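Undergrad: model this:
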Amino acid sequence: RFVFAGTSSEYFGIWIVNILLIIVTLGFYAPWAKVRRLRYFYGNSLLEQERFDFTGIPSKILLGRIIAGVVYVTALGVTSLNPDYAWAFPFLILLVLPWLLRATYRFNARNSKYRNSRFYFSGRTSEAYVTYLGWIILSVLSLGLLFPYAFFKHKQYQFEHLHLGQLPFTLHATVGLYYAAMLIPIALAVILAVLTFAIPLLAFVLVPIAIALIPMIQGSLYRVTWSNISIGNSTFTCDLNEWRYAWIVVSNWLARMVSAGLLSPWAAIRLHKYKIESLSIIWQDDPNYILSLTQQDHPAFAEELSDILDIDVSL
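TA: Residues are numbered from 1 along each chain as shown. The predicted model follows:
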């Protein structure tokens with residue numbers, strides 16, 4: 001089982017210093033704050049008593065955000081100069097979205113380590129455009145009916161191109177599992193909404209379920225994905241409960257509001273710990289052999305390291 005050793009008191013110190021420095025530097029410290037945050041969460045996530053590590057360079061994160069900012073401002077400027085071109089803003093953002101996502105996946109994988117072994121993302125830009133641009137358009141045209149399938153393709157793109165050293169990740173989930181993860185909570189909310197017309201007192205039940213609907217779906221998707229992932233011949237299991245996950249998310253929202261944000265570190269640690277510690281790995285081979293194999297870099301890794309577009313555009 002995976003273990004998370006971080007504490008909210010430790011993370012509070014990192015969190016508050018990050019916020020103060022971001023304010024003092026007018027936001028320019030944000031990439032350095034992100035690296036400090038990720039290194040804390042990675043470094044306190046353990047498997048077989050070995051820690052993960054994040055090695056991202058803040059300056060590359062800053063470069064990625066500058067590029068993303070230029071794209072955003074350019075698109076916004078085009079639409080503001082002439083209202084007739086208002087359609088151009090979402091079009092331009094959508095046009096570069098697959099490239100930006102692929103760049104982020106590569107950056108995050110390349111700068112993630114376990115036992116001195118780096119992760120590697122091999123997805124191509126052309127595949128990203130088919131996965132994201134193509135399936136987004138089809139989801140809209142189908143009035144959302146194809147959205148679970150689009151999400152399934154998104155997870156396929158994320159995991160079917162991910163490696164730890166020479167060990168590939170594989171997603172074994174079927175699209176039906178993603179439809180069930182999304183539609184069952186929605187169906188439950190619809191049934192309760194219909195019953196509320198007949199029994200008004202059920203409104204007291206419907207309101208909290210409606211609030212928790214999105215977190216429930218998120219929890220279900222997380223469990224479906226990680227319960228159907230393998231690395232090499234070894235498989236992951238996930239015992240996350242979507243009801244408990246939803247409760248943690250909703251109560252975290254309330255805690256942040258009541259504390260004016262001061263409980264944000266506690267909320268972040270609480271949610272991350274639950275997600276990480278819901279995961280286990282079932283070794284199908286000798287664990288020592290597997291973990292030794294991961295330390296052999298992917299054949300194309302050296303070439304990829306020289307790519308100057310090794311940037312992160314995520315927040």
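Undergrad: What ranges does this structure have for its strands?
TA: With strands called from DSSP state E, the chain shows them at 3-4, 45-47, 50-54, 112-114, 117-121, 162-164, 167-171, 229-231, 234-238, 279-282.
Undergrad: Let me have these in CSV, extended by distance to Lys34.
TA: The C-beta positions use only the backbone N, C-alpha and C, and glycine is treated the same way. What follows is the strands of the chain, written out as CSV (distance: least, CB to CB, whole Å):
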stretch, distance to Lys34
strand 3-4, 19
strand 45-47, 16
strand 50-54, 9
strand 112-114, 14
strand 117-121, 18
strand 162-164, 21
strand 167-171, 24
strand 229-231, 25
strand 234-238, 26
strand 279-282, 23
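Undergrad: Of these, which is nearest Gly144?
TA: Gly144 lies closest to strand 167-171 among the strands of the chain, at 22.6 Å (CB to CB).
Undergrad: Report the distance from the closest one to the chain centre.
TA: Offset of strand 167-171 from its chain centre (CA atoms, centre = their mean, to the nearest Å): 17 Å.
Undergrad: Tell me the strands beside it, with direction?
TA: Strand 167-171 pairs in its sheet with strand 162-164 (antiparallel), strand 229-231 (antiparallel), by DSSP bridges.
Undergrad: Specify the residue positioned farthest from the middle of the chain.
TA: What lies farthest from the middle of the chain is Ala198; by CA atoms, centre = their mean that is 40.0 Å.
Undergrad: That one and Leu192, how far apart?
TA: 11 Å (CB to CB, to the nearest Å).
Undergrad: And Gly13, by the same measure?
TA: 43 Å.
Undergrad: any low-confidence regions in the stretch 201-315 of the chain?
TA: 201-202, 205, 285-315 (pLDDT under 70).
Undergrad: Tell me where the stretch 101-250 of the chain has helices.
TA: 125-128, 135-141, 147-160, 175-198, 203-226, 242-258 (DSSP state H, counting those that start in this stretch).
Undergrad: Kindly format the C-alpha coordinates of the fourth one as PDB.
TA: What follows is helix 175-198, C-alpha atoms only, in PDB (Å, rounded to 0.1, in the frame of the first residue of the first chain):
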ATOM      1  CA  VAL A 175     -15.500   2.600 -21.600                       C
ATOM      2  CA  GLY A 176     -18.600   1.100 -19.900                       C
ATOM      3  CA  LEU A 177     -16.900   1.600 -16.500                       C
ATOM      4  CA  TYR A 178     -16.500   5.400 -17.200                       C
ATOM      5  CA  TYR A 179     -20.100   5.700 -18.300                       C
ATOM      6  CA  ALA A 180     -21.200   4.000 -15.100                       C
ATOM      7  CA  ALA A 181     -18.900   6.200 -12.900                       C
ATOM      8  CA  MET A 182     -20.500   9.300 -14.400                       C
ATOM      9  CA  LEU A 183     -24.100   8.300 -15.000                       C
ATOM     10  CA  ILE A 184     -24.900   6.400 -11.800                       C
ATOM     11  CA  PRO A 185     -24.400   9.400  -9.500                       C
ATOM     12  CA  ILE A 186     -26.300  11.600 -12.000                       C
ATOM     13  CA  ALA A 187     -29.200   9.100 -12.200                       C
ATOM     14  CA  LEU A 188     -29.300   9.000  -8.400                       C
ATOM     15  CA  ALA A 189     -29.600  12.800  -8.200                       C
ATOM     16  CA  VAL A 190     -32.300  12.800 -11.000                       C
ATOM     17  CA  ILE A 191     -34.400  10.100  -9.200                       C
ATOM     18  CA  LEU A 192     -34.200  12.100  -5.900                       C
ATOM     19  CA  ALA A 193     -35.200  15.300  -7.700                       C
ATOM     20  CA  VAL A 194     -38.300  13.600  -9.100                       C
ATOM     21  CA  LEU A 195     -39.200  12.100  -5.700                       C
ATOM     22  CA  THR A 196     -38.800  15.600  -4.200                       C
ATOM     23  CA  PHE A 197     -41.900  16.800  -6.100                       C
ATOM     24  CA  ALA A 198     -43.900  14.000  -4.400                       C
END
